[in-house]
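A.B. asks: I'll drop the sequence and a predicted model, then ask my questions.
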Amino acid sequence: MKRAIMILLNCTLLSLAARGQITKGNWMVGGDASFSLDHTHYVNDELPTDHGYRALISPGVGYFLTDKLAAGLKTDFSFQPYQNATGPTETKYTLIAGPFLRYYFLPAENIINIFGGAAYEHRFRLPYGISSNIYSVFGGPAFFINSSVAAELLAQFEYSKDQENGKTKIFRLNASLQIYLKK
């Protein structure tokens with residue numbers, strides 16, 4: 001019992017000391033990993049519908065332009081086995097890069113903060129060389145472990161249209177870790 005009280009007391013003291021560095025002039029470095037289920041339908045119906053899953057790793061860096069507002073760049077690398085109605089399972093490798101904006105809604109001193117944002121990215125898919133533009137919105141809670149580190153849960157919706165008129169809509173849930181570098 002005594003040990004449980006000490007652990008609870010230490011956690012309470014740690015959480016009181018945790019304050020996010022989401023103020024002007026600070027940097028954030030981090031990334032996330034995700035798993036999603038995909039479904040692509042082609043408008044001209046000449047190509048069969050694709051379906052599969054995707055594993056994604058996304059590192060990124062951002063700079064706080066003002067208190068609670070960050071702008072930055074992120075990259076994604078994904079691995080996607082998929083199958084369409086007429087062929088065997090194939091694997092797509094995708095490289096994506098582009099800018100993002102992120103805004104924290106609660107006061108900077110909060111241990112738990114809520115953020116939202118938007119991103120534009122350009123995707124290049126191998127082995128086919130098909131490129132596309134991706135538009136996404138995202139949001140979720142950030143749990144500040146201390147003043148420099150936050151664990152985040154992220155819900156994201158993406159829409160993209162490629163050169164062959166393939167439209168893809170993706171909903172994903174991510175877990176990420178952000179490191180905030182003080183001035």
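C.D. replies: Alright, I've got the coordinates.
A.B. asks: For the rest of this, base every contact and every neighbour count on C-alpha atoms.
C.D. replies: OK.
A.B. asks: On the C-terminal side of the helix or strand bottoming out on mean pLDDT in the chain, identify the next helix or strand.
C.D. replies: None of the helices or strands of the chain scores lower by mean pLDDT, DSSP states H and E than helix 2-17, at a mean of 48. Sequence order places strand 27-42 as the next helix or strand after helix 2-17, per DSSP states H and E.
A.B. asks: mind listing what's buried in that next one?
C.D. replies: 27-35, 38, 40-42 (16 or more other Cα atoms under 10 Å).
A.B. asks: again, but for stretch 57-67
C.D. replies: For stretch 57-67, by 16+ other Cα under 10 Å, it's 57-65, 67.
A.B. asks: Looking at it now, give me its mean pLDDT.
C.D. replies: Averaging pLDDT along stretch 57-67 gives 95.
A.B. asks: In CSV, could you pull the C-alpha coordinates for it?
C.D. replies: C-alpha atoms of stretch 57-67 as CSV (Å, rounded to 0.1, in the frame of the first residue of the first chain):
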residue,chain,number,x,y,z
ILE,A,57,5.9,5.8,-40.7
SER,A,58,5.8,9.7,-40.7
PRO,A,59,8.6,11.8,-39.3
GLY,A,60,8.2,15.6,-39.2
VAL,A,61,9.5,18.9,-38.0
GLY,A,62,7.6,22.1,-37.1
TYR,A,63,8.3,25.6,-35.9
PHE,A,64,5.9,27.6,-33.7
LEU,A,65,5.1,30.8,-35.7
THR,A,66,3.0,32.1,-32.8
ASP,A,67,1.9,30.7,-29.5
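A.B. asks: Which residues outside that stretch are in contact with it?
C.D. replies: Residues from elsewhere that reach stretch 57-67 (Cα atoms under 8 Å, 6 or more residues apart in numbering): 22-34, 70-78, 108.
A.B. asks: now do stretch 101-115
C.D. replies: 15-16, 18-23, 67-72, 116-119, 139-145.
A.B. asks: Quick check, residue 28 in contact with residue 177.
C.D. replies: No: with contact defined as Cα atoms under 8 Å, residue 28 and residue 177 do not form a contacting pair (10.1 Å).
A.B. asks: which residues of this structure fall in strands?
C.D. replies: Secondary structure of the chain (DSSP state E): strands at 27-42, 50-66, 69-84, 90-104, 112-126, 130-146, 149-162, 166-181.
A.B. asks: which stretch in those is the model least sure about?
C.D. replies: When the strands of the chain are compared by mean pLDDT, strand 27-42 comes last with a mean of 80.
A.B. asks: Run through the residues that contact the residue nearest to residue 131 when sequence neighbours are not counted.
C.D. replies: Excluding its sequence neighbours, the residue lying closest to residue 131 (Cα to Cα, 6 or more residues apart in numbering) is residue 124, at 4.4 Å. Going by Cα under 8 Å, 6+ apart, residue 124 touches 94-96, 130-132.
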